[in-house]
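S.K.: please find the sequence and the predicted model below.
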Amino acid sequence: MPDNDLPSPPPAPPSATGPLPSSLTPARALVVGSVMFTFISCWRAACVVLCDIASTCYYIGGIVEQIIGPAAPWFIAAVMLFSYAVRSVYMESCSMFVRGGVYRVVKRAMGSFLAKVSVSALLFDYMLTGPISSVSAGQYLMGLIVDSLALLAPSAYAHLGLGNEAVRDAIKRWGAVTVAVVITLYFFRQNVLGIRESSGKALRIMSATSVVILVVLLWGAVTVAVRGPVNRLQYHPDLSRKVEYEIIKTRDRVTGEPKECWATDPGTGLPVPRRDASATVVPKRNQVTGEQEDPLGFIGRVAPGAAERLRHPASWLGLIGLIGIFVAFGHSILAMSGEETLAQVYREIEAPKLPNLRKAALIVFIVSFVGTVGISFLGVLVVPDEIRVKDYADNLIGGIVMYLMGPPGLRLFLNVLVVVVGALILAGAHNTSIIGANGVLNRVAEDGVMPGWFRKPHPRYGTTHRILGLIVGMQLVTILTSRGNVYVLGEAYAFGVVWCFVFNSLSVLMLRFRDASPREYKVPFNFRIGDREVPAGLLSVFLLLVIAAIANTLTKEIATVGGIAFTLLFLSFFTITERFTTRRQASADSPERLTQFSKTPATGVDRDSLGLARPYCLLVSIRSTQNLFMLEKALATTDPEITDVVVMTAKVVEWVSPLSTEASELDAYDRDLMTAVLDRAEAAGKTVVPVIIPTNSPLYAIARAARDLEANQLAVGLSNLSTAEEQIARLVKEWRAVHAGEEGRAPLTIRVLSDRHDIRYDVDGGNRIPTFAERRARSVAELRWAGVGVRKVLLLHDGSPYGGDLFESVLTALDSEIELSVVRAPTGRRTTVDGESILERDRLLAEHLNRTIRIEAVGADAVQLARNGDYGLIIVPLANKRSEPPEAWVEDILAQAPGRRGLRDLPQVAPAGRLWGPRIDPVLCLIPEPGSVPSRAA
């Protein structure tokens, strides 16, 4: 709507007539920020998770093989395949809860108590997966330093006493502890700065790691192809009690070098157990319990007869054999950590959120499967059995590198790269554990389970630095207590993650039956019996997780005892703090979710004070949590790369003096409103800047903020007390008032939005902000809609308001380089008496947007015109409803037009215009066959 077409504004109320009062000075503003209010790409999110999952390839093969034998790669591969099914469960939960994860889902489905139990178990995993990764990184680095000293400075090596195995082992362990502490403190600082900082480090770490792992895999594949496998692949797990093996000095059967190896039986090729002076087999003792290592754990103690049948089943495909297979699968489940972190970072994933989450999940699956499974199989195919577990259980990739074909110097250089990159990715895995634990505790804290002191954001960075301090403190205690023992940490940490998966999948399964509302994503393989949907895929995932969790609990003694103890400890902590917090808030009307905000008073509002740096600015004015359609619409169409979105609310206060408008604290209404804004922004994955401006004149405050922010557009909701025209007239009056005495006013477009209306008014020519759809086509359909693949487009305009809507849509969606021509279609049943004026208005709109269009004659033969003019696409407005028959002239075009015809709806990511109102037409796209009309290839 141009400026001069606006009807005369209604008479102003007496309080608004005359000059503006001098007391309308710039109100002090309160800039509101939320905790960790930044967004990251799908690649960054994937790298955060991959630093955990992909890092397991450095130690998972050795840990699992020590428990179930050389068949470990098969079970690791099965777990990694199953991980995508578990990831699908998390994607469905994220489609229901932006702030997802196990706590939110379990609480919704099964209540607060079981939610706290599941979180307590999960925290046990996070308290161990971080330390095991950083300690392992430290051991890689210390091993490289010690080996380098032995090679490059043998005198210093001897002077330090490193020739003594006990001294060497102590230096490695305590050096690893020191490195782990440094890594922990470094990533604590990075997470205090914000997730974008830490995710950037994860991206760089994964880039370097991917290159090195790819080189190792390709080189290893060539080695196996040329030299052949050095061992036979085993398919059955070894569930026998573990023993020590005889060590002899002999020549390596691959390299021919003298080396200490396990003695093997010439007939079977199996290692020969070590015997003591009395000829008794020496058992392998657990470093924590002192008991013999037993893959069957409690089963071997409680039911030795059943345990023996599991160790040696008559058939691995029988019932007993299948139970043994599930036991081995449970021992390998620690390869599947990191899934919960994907749900925790979902809040920080940028728009479009769920498609980016699915991309991140696919990236994680492909990289982790190829890397982890490939390394596990290469270890068995390249490194001899009698050497692999003995020397390389904690450094499997290093062992693979040393047994590759090629010059020794080149292999040694690659080994150095493996160690350095391995230390980096293992350090990144510690960062992932901090991010995941922080996300979990934030979800718990939002429900008032933890005291408000923990939830206070950092005054500068807006992060929950106190929760981060609690996490890091517990991890430091774990590191110091472990004294650098990786195997003990690895044995213990699978308890929390597997039971977390069980609780989460059960909750999503229950919500399938309790809540039948549509979801953006569902775990696949669903079928219907009558009116009831049967989630077969989700049910299968849940049952497999339950079996693995039970097997894990019964066979991993350290993990079970330690996990239950830690879970009870943290559950007690949550219960006590929740009661304490509830009592303190008993007298207050507290919201259900206690989101914390940082508050920064500002002397007025301008681009510098809010840190706005993008070329465009959209100001959204809100009043109520019940009417945020204007914000939802703005977030849906705004391109976050080029547009800053400022969300302001004018808080009416009693006027005394300028100082009285400074709000030092948020009241309950402000907090509810800002929480609603935060929810919308998180759901859209786009950053907003919330501002509260105390004032005694809301419209003046809005106009003043728009001027000071140099806003290109102002979006407001439709008022319940006046018409849209009256609302616009008052805003225009205030806009002119705040520019009184100035030589020129900046152009501004005012939009009044509701669920049924989108009314625009251009002040001084108006302003236009490029939309999200113009810069980012997210699918092939949207690329086609945007005209990619054609040079010239022909649009038929029937002179109706519907045709005008279609014109605005096409004009906004098409690339500016594409030539657009308009043909005045024959008069139809929708054509209004002012059809020519509508067409002229659309032409003026195109001129205002610096777009040149050609207007063809009324009733021109569109098909012949398209042929003669080399048009690649014809767009025709159809009936308002698909059930209505098309106009006669449309049928003529259908009969004459060559090539394919397709009915296309307007894109979901719609361009600016009146497309979001109720009048949305389908569009008939006539696409000529290749060669019939010259076109540019897509």
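M.R.: Arrived safely.

S.K.: name the spans of the stretch 401-550 of the chain whose pLDDT lies under the cut-off.
M.R.: By pLDDT under 70, the low-scoring segments of the stretch 401-550 of the chain are 462, 484-488, 490-492.

S.K.: ok, Lys172 - contacts?
M.R.: Gln139, Met142, Gly143, Val146, Gly484 (Cβ atoms under 8 Å, 6 or more residues apart in numbering). No exception for glycine: its C-beta is placed from N, CA and C like everyone else's.

S.K.: switch the cut-off to 6 Å
M.R.: Met142 (Cβ atoms under 6 Å, 6 or more residues apart in numbering).

S.K.: what does Val89 give?
M.R.: Ser505, Val508, Val523, Val541.

S.K.: can we see that at 10 Å?
M.R.: 105, 339, 343, 501, 504-509, 523, 537-538, 541-542, 545 (Cβ atoms under 10 Å, 6 or more residues apart in numbering).

S.K.: that one: which element?
M.R.: helix 72-96 (DSSP states H and E).

S.K.: right, and the helix or strand after that helix?
M.R.: helix 102-110.

S.K.: tell me how far the helix or strand that comes right after that following helix lies from the chain's centre.
M.R.: Using DSSP H and E, the helix or strand that follows helix 102-110 in sequence is helix 112-152. The chain centre lies 23 Å from the centre of helix 112-152; the measure is Cα atoms, centre = their mean, to the nearest Å.

S.K.: try stretch 497-505
M.R.: Counting by Cα atoms, centre = their mean, stretch 497-505 comes out at 19 Å from the chain centroid.

S.K.: mind saving the C-alpha coords of it as PDB?
M.R.: This file holds the C-alpha atoms of stretch 497-505, laid out as PDB (Å, rounded to 0.1, in the frame of the first residue of the first chain):
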ATOM      1  CA  VAL A 497      24.400 -44.300  28.200                       C
ATOM      2  CA  VAL A 498      22.500 -47.600  27.600                       C
ATOM      3  CA  TRP A 499      19.900 -47.000  30.300                       C
ATOM      4  CA  CYS A 500      19.500 -43.500  29.100                       C
ATOM      5  CA  PHE A 501      18.700 -44.900  25.600                       C
ATOM      6  CA  VAL A 502      16.100 -47.300  27.200                       C
ATOM      7  CA  PHE A 503      14.300 -44.500  29.100                       C
ATOM      8  CA  ASN A 504      14.300 -42.200  26.100                       C
ATOM      9  CA  SER A 505      12.900 -44.800  23.700                       C
END
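
S.K.: can you pull up the most central residue in this structure?
M.R.: The centroid of the chain falls nearest to Tyr346 when counting by Cα atoms, centre = their mean (3.6 Å).

S.K.: what about the closest residue in space to that one that isn't next to it in sequence, how many neighbours?
M.R.: Excluding its sequence neighbours, the residue lying closest to Tyr346 (Cβ to Cβ, 6 or more residues apart in numbering) is Cys94, at 4.6 Å. Applying other Cβ atoms under 10 Å, we find 28 residues neighbouring Cys94.

S.K.: how near is Cys94 to Glu348?
M.R.: 12 Å (Cβ to Cβ, to the nearest Å).

S.K.: check contacts around Ser540.
M.R.: Counting by Cβ under 10 Å, 6+ apart, Ser540 has contacts Ala85, Ser505, Val523, Phe525.

S.K.: host element of the second one?
M.R.: It refers to Ser505. Going by DSSP H and E, Ser505 is part of helix 494-514.

S.K.: repeat for the third one
M.R.: Using DSSP H and E, Val523 sits in no helix or strand.
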